[in-house]
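K.L.:
Sequence and predicted model, in that order:
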Amino acid sequence: QVQLVESGGGLVQAGGSLRLSCAASGRTFSTYAMGWFRQPPGKDREFVAAASWSSISPYYAGSVRGRFTISRDNAKNTVYLQMNSLRPEDTAIYYCAAARGSNLGLVGGYDYWGQGTQVTVSS
């Protein structure tokens, strides 16, 4: 069992930055791939970024590539999402998730989810 708790959301102006954190419980954190998803108002949850347990070759949705960076610290059981050059269309609830498998671009590929943290980008 893995429990995930996100933090770091908030209100920021367009062009600004935020760093989201996701703290995980459990001693097997390092064996899970980790991902970030978001759900804009009135829309479905969508993939943002993912990293395997080793963080080699993380990958990103096209809409955030070059602006967002996923990283993880297995010693701290924490995964991060650094978000730069934020845009109003990045406004959403952001979720972290843990996966045993490899379908990291899909909501259904994850086994555990956090409760989400709100990110609002004003224009």
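P.N.:
Nice, I can see it.

K.L.:
Compute the distance between the residue nearest to the spatial centre of the chain and residue 27, please.
P.N.:
Centrality entry for the chain: nearest residue to the mean C-alpha point is residue 36, 2.3 Å, by CA atoms, centre = their mean. Look at residue 36 and residue 27: by CB to CB, to the nearest Å, they are 22 Å apart. C-beta here means a position set from N, CA and C on the backbone, and glycine is covered the same way.

K.L.:
picking that back up, next SSE downstream of the one helix or strand the residue nearest to the centre of the chain maps to?
P.N.:
Element membership for residue 36 (DSSP states H and E) is strand 33-39. Going down the chain from strand 33-39, the next helix or strand is strand 46-51, by DSSP H and E.

K.L.:
my guess is the residue nearest to the centre of the chain meets residue 9, correct?
P.N.:
No - if you go by CB atoms under 8 Å, residue 36 and residue 9 don't touch, sitting 11.8 Å apart.

K.L.:
Pull up the overlap in contacts between those two.
P.N.:
20, 94 (CB atoms under 8 Å, 6 or more residues apart in numbering).

K.L.:
Run through who's touching stretch 101-109.
P.N.:
With contact meaning CB under 8 Å, 6+ apart, stretch 101-109 is reached by 33, 35, 37, 45, 47, 50, 52, 59, 99, 110-111.

K.L.:
Packing partners of the strand holding residue 36?
P.N.:
Packing contacts for strand 33-39, counted by 3 or more CB pairs under 8 Å, 6 or more residues apart in numbering; DSSP states H and E, involve strand 18-24, strand 46-51, strand 68-73, strand 78-83, strand 92-99.
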